[in-house]
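> mind looking at a prediction? Sequence and model below.
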Amino acid sequence: RLPTVSLVGRPNVGKSTLFNRLTRSRRALVDATPGVTRDTRAAAVACGGVTVRLLDTGGLTAGGDGGDVITRRTHEQTLAAVEASDLAVLVLDGSRGLSAADRELVDLLRRRGRPLLLVVNKVDGPRQEAFLPEFYELGAEVLPVSAAHRRGIGRLRDRIAKAL
Ligand code: GDP
Ligand code: MG
């Protein structure tokens with residue numbers, strides 16, 4: 001069985017774009033509408049010499065109990081993917097600062113007790129780098145990437161392999 005790594009986080013943070021980057025495919029549906037990816041997708045991907053089963057999830061909503069029935073189901077499906085994973089990669093949106101919802105999700109995932117890697121996506125350039133100190137306050141290693149501009153992708157592969 002391949003080690004399983006799930007990409008989780010709030011809708012629209014770039015999980016599917018990152019999935020496509022890591023798998024070098026257009027398999028995952030990317031859309032600007034929050035929450036467009038409802039179902040979990042999987043692909044085998046090479047990370048620093050290790051082949052992992054990568055899951056693209058529909059996403060988590062802070063609290064998990066708000067929203068419509070589909071949003072709640074997506075949240076539950078994503079938590080199930082986390083439970084089935086050897087490593088959860090929490091993708092945060094680096095185009096804005098750390099939010100209360102982000103902190104809630106970090107707490108929620110830490111309480112699950114599964115290995116967790118924090119990734120800040122959309123760090124396209126210096127403007128977004130200015131937000132990084134806020135994310136460093138989460139008290140864990142935080143890896144800045146830009147899925148759209150292919151920044152930090154090699155480093156992310158290495159960190160995933162190291163975390164397994
Ligand atoms: P998901 O809901 O988390 O799967 O997010 P998507 O992958 O569907 O992306 C949501 C939006 O963010 C899309 O418009 C993407 O083009 C955009 N996006 C994803 N990654 C980046 C990035 O690194 N930089 C910027 N600026 N936009 C990104
Ligand atoms: Mg998606």
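Sure thing, it's come through. None of the values given here were measured: they were computed from a predicted structure. Ligands and ions are numbered 1, 2, ... in the order given.
> residues contacting residue 45?
Residues counted as contacts of residue 45 (CB atoms under 8 Å, 6 or more residues apart in numbering) are 22, 23, 51, 52, 54. Where you see a C-beta, it was placed from the backbone N, CA and C, and this is true even at glycine.
> how about the helix or strand of the chain with the lowest mean pLDDT and ligand 2, any contact?
Sorting the helices and strands of the chain by mean pLDDT, DSSP states H and E puts helix 69-83 at the bottom, at a mean of 87. No. Contact of helix 69-83 with ligand 2 (CB under 5 Å from the ion) is absent, the minimum separation being 10.0 Å.
> and that helix, how far out from the chain middle?
A distance of 14 Å separates the centroid of the chain from that of helix 69-83, by CA atoms, centre = their mean, to the nearest Å.
> which strands and helices sit next to it?
strand 4-8, helix 100-112 (3 or more CB pairs under 8 Å, 6 or more residues apart in numbering; DSSP states H and E).
> which SSE is residue 53 in?
Assessed by DSSP states H and E, residue 53 sits inside strand 50-56.
> adjacent strands (with direction) for that strand?
strand 4-8 (parallel), strand 41-47 (antiparallel) (DSSP bridges).
> mind putting those strands into CSV with distance to ligand 2?
Formatted as CSV, these follow (distance: least, CB to the ion, whole Å):
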stretch, distance to ligand 2
strand 4-8, 8
strand 41-47, 9
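> most tightly packed of these?
Greatest average neighbour count among those goes to strand 4-8 (a mean of 25), per mean count of other CB atoms under 10 Å.
> show me where pLDDT drops low in this structure?
Low-confidence segments of the chain (pLDDT under 70): 26-38, 62-66.
> would you mark the buried spots in stretch 114-121?
116, 117, 118, 119, 120, 121 (16 or more other CB atoms under 10 Å).
> is it true that the fifth one lies in a helix?
Translated: residue 120. No. Per DSSP: H, G, I helix; E, B strand; the rest coil, residue 120 lies outside any helix segment and is strand.
> partners of it in the sheet?
Assigned bridge partners for residue 120, using DSSP bridges, are residue 92, residue 144.
> next up, the contacts around it.
Contacts of residue 120 (CB under 8 Å, 6+ apart): 92, 93, 94, 131, 132, 135, 142, 143, 144, 145.
> what sits against the residue positioned nearest the centre of the chain?
The residue lying closest to the centre of the chain (CA atoms, centre = their mean) is residue 91, at 3.0 Å. Residue 91 is in contact with 7, 8, 9, 13, 14, 15, 18, 119, 121, counting by CB under 8 Å, 6+ apart.
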